[in-house]
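*Asks:* curious how this folds, go ahead:
(2 chains)
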Number of protein chains: 2
Amino acid sequence: MELNGQNRPNFEKCGGLLPVIAQDDATGDVLMLAYMNEEAYAETLRSGKAVYYSRSRNKLWRKGEESGNVQLVKSIYIDCDLDTVLIRVDQIGGAACHEGYKSCFFRQVTSEGLKIVSERVFDPKEVYKK
Amino acid sequence: MELNGQNRPNFEKCGGLLPVIAQDDATGDVLMLAYMNEEAYAETLRSGKAVYYSRSRNKLWRKGEESGNVQLVKSIYIDCDLDTVLIRVDQIGGAACHEGYKSCFFRQVTSEGLKIVSERVFDPKEVYKK
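*Replies:* Predicted coordinates:
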């Protein structure tokens, strides 16, 4: 996919890193928020798999590299300000969160504190063997 | 809603501003991404309406203040890292985007360029009269 000019997110705007929302293409669930730099975005377009930029490790993060839970990108959207990206994905393995939950937003804020509302799909200890 | 300790997002983490995803509670559509500081988050909890922090205007942004298109908050979620918030909202007026579209993500990235895929609900010139 060749993109240029106004057809791409404005990576100059936020110091080179833009927030990216990953949404489950089948269910509409919001799975996670991560960041992409221009290189990660270009590789995502090229490969069809979500590639982020890890702010803690300061390098490209090919989602699912270790766990196998890659995200196959079905469609990509850019917001009105060109500074946020939304991707609809097919989440392989059924879980986006490194804690084993389907969604990283597995805790709801309630008046009694945080309540777990998402399904745990895998045990992180089993998947991330060091 | 009283929240403390681990029951709240970690506003210290990202210089005081955390990204917030607003999702349509009825349809699951991702409407927009904006930012909250601690004050905006507290007022959102208190009032039940989405209050963001405008990075361009450097002040609280009570969504819908001008247009009337407020967001009634149905539920709030925090991600695994405590640094992103997801709110499910009832979008009054049916449009979250200042350009009059239902969603700020109204343009899809395609091999032929950007394609408008969201519905235009209002004419911004009519709504934002200066």
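
*Asks:* where does the prediction get shaky in chain A?
*Replies:* Residues of chain A meeting the criterion pLDDT under 70: A:1-6, A:128-130.

*Asks:* and chain A, which of its residues are near chain B?
*Replies:* Contact residues, chain A versus chain B (C-beta under 8 Å from any C-beta of the partner chain): A:1-3, A:6-8, A:19, A:21, A:23, A:27-30, A:32-33, A:45, A:75-81, A:84, A:86, A:97-99, A:101, A:104-111, A:113-114, A:117. Backbone N, C-alpha and C define where each C-beta goes, glycine included.

*Asks:* nearest to chain B: which residue in chain A?
*Replies:* For chain A and chain B, the shortest gap (C-beta to the nearest C-beta) falls at A:G28, measuring 3.2 Å.

*Asks:* residues near the closest residue to that residue other than its chain neighbours, how many?
*Replies:* The shortest distance from A:G28 to any non-neighbouring residue, by C-beta to C-beta, 6 or more residues apart in numbering or on different chains, is to B:G28 (3.2 Å). For B:G28, the tally of surrounding residues (other C-beta atoms under 10 Å in any protein chain shown) stands at 14.

*Asks:* which secondary structure state does B:G28 sit in?
*Replies:* coil (DSSP: H, G, I helix; E, B strand; the rest coil).

*Asks:* spatially central residue for chain A, please.
*Replies:* A:A22 (4.3 Å; C-alpha atoms, centre = their mean).

*Asks:* quick one, helices of chain A?
*Replies:* For chain A, applying DSSP state H gives helices covering A:38-47, A:124-127.

*Asks:* in stretch A:103-110, what's buried?
*Replies:* Neighbour counts over stretch A:103-110 (16 or more other C-beta atoms under 10 Å in any protein chain shown) mark A:S103, A:C104, A:F105, A:F106, A:R107, A:Q108, A:V109 as buried.

*Asks:* how long is that stretch end to end?
*Replies:* Stretch A:103-110 has its terminal residues 18 Å apart, counting by C-alpha to C-alpha, to the nearest Å.

*Asks:* sounds good, over and out.
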